[in-house]
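Asks: coords please:
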Amino acid sequence: MTVIDSLEFARTAQTLSGNLPVPELARLRDSLFDDSGEVRFEVRGARDARRRPVLALDISGVLHLRCQRCLGMMDYPLRISNTLLLVSAGEAAAESLDDGESEWIEASVSLDVASLVEDEIILGLPYAPRHGEGQCGHEGTSAKADNAGNAAFTRLAALKRNSN
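Replies: Numbering: from 1, shown residues only. Coordinates of the predicted model:
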C-alpha cells in the first residue's frame with residue numbers, strides 16, 4: 001500500500017506510477033466478469049491556474065466486465081484522465097467551492113493511492129455495460145431460441161385453425 005501526503009506531493013510536483021493487479025481492487029470485484037489483469041496508473045502533483053494544489057491521474061488497462069445483454073465477458077478498455085483539486089476539511093465543510101468547480105477530494109497526509117485509483121475506476125465504469133449491437137457471443141443462441149418459439153406458435157395457430 002503506497003501512502004502519500006497529498007499536499008506535499010502536489011507542492012513538490014512529484015510523480016508516482018505503477019501497476020495494480022485487478023485482484024487487489026476488492027471494491028471493484030462486483031462489477032467485473034473476472035479479476036484477471038492489471039491497471040496502470042500515474043499520479044502527478046501540480047498546481048492549477050489559480051495556484052491551488054491538484055493531483056492529475058491517468059489510469060489505463062483492460063477490465064473484463066459482464067455484458068448486461070448476454071451476461072458474457074466483454075473487454076472494457078480503461079482510459080481515465082482526471083484532475084482532482086485538493087481542498088482542506090474546512091473548505092469542504094464550508095462548501096466554499098463553486099458549483100462549476102472541478103472535481104475535488106479532501107487533502108490528506110495519508111492518502112492511499114490504490115484506493116484513489118480504485119475510486120476513479122469505479123466512478124468511470126459504465127452503469128450497464130453491453131457489447132455493441134450484434135457483438136454478443138450468445139446472440140446466435142437466443143436467435144435460435146426465438147425462431148424455435150415462433151415455430152411453436154405457428155404450429156399452435158395451425159392446430160387452432162384446423163380444430164375450427
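
Asks: What segments of this protein are helices?
Replies: For the chain, the helices defined by DSSP state H cover 6-11, 89-93, 113-124, 139-163.

Asks: what's the first one in contact with?
Replies: Yep, that's helix 6-11 we're talking about. Contact with helix 6-11 is made by 16, 43, 45-47, 53-55, 86, 105, 107-109, 111, as judged by C-beta atoms under 8 Å, 6 or more residues apart in numbering. C-betas here are computed from N, CA, C, even on glycine.

Asks: so what's the spatially closest residue to M73 that is not a sequence neighbour up against?
Replies: Nearest residue to M73 in three dimensions, chain neighbours excluded: F33, at 4.3 Å (C-beta to C-beta, 6 or more residues apart in numbering). For F33, the contacting residues are 64-66, 72-74, by C-beta under 8 Å, 6+ apart.

Asks: and the residue nearest the centre of the chain, what does it touch?
Replies: Nearest to the mean C-alpha position of the chain, by C-alpha atoms, centre = their mean, lies L125 at 2.6 Å. L125 sits next to 31, 63, 65, 76 when contact means C-beta under 8 Å, 6+ apart.

Asks: residue ranges with poor pLDDT in this structure?
Replies: Along the chain, segments meeting pLDDT under 70 span 92-101, 138-150, 164.

Asks: hang on, the earlier thing: kindly reformat the contacts of F33 as TSV containing distance to L116.
Replies: Output for these, formatted as TSV (distance: C-beta to C-beta, whole Å):
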residue	distance to L116
H64	22
L65	21
R66	25
G72	31
M73	27
M74	26
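
Asks: Nearest to A152 among those residues?
Replies: G72 (26.2 Å; C-beta to C-beta).
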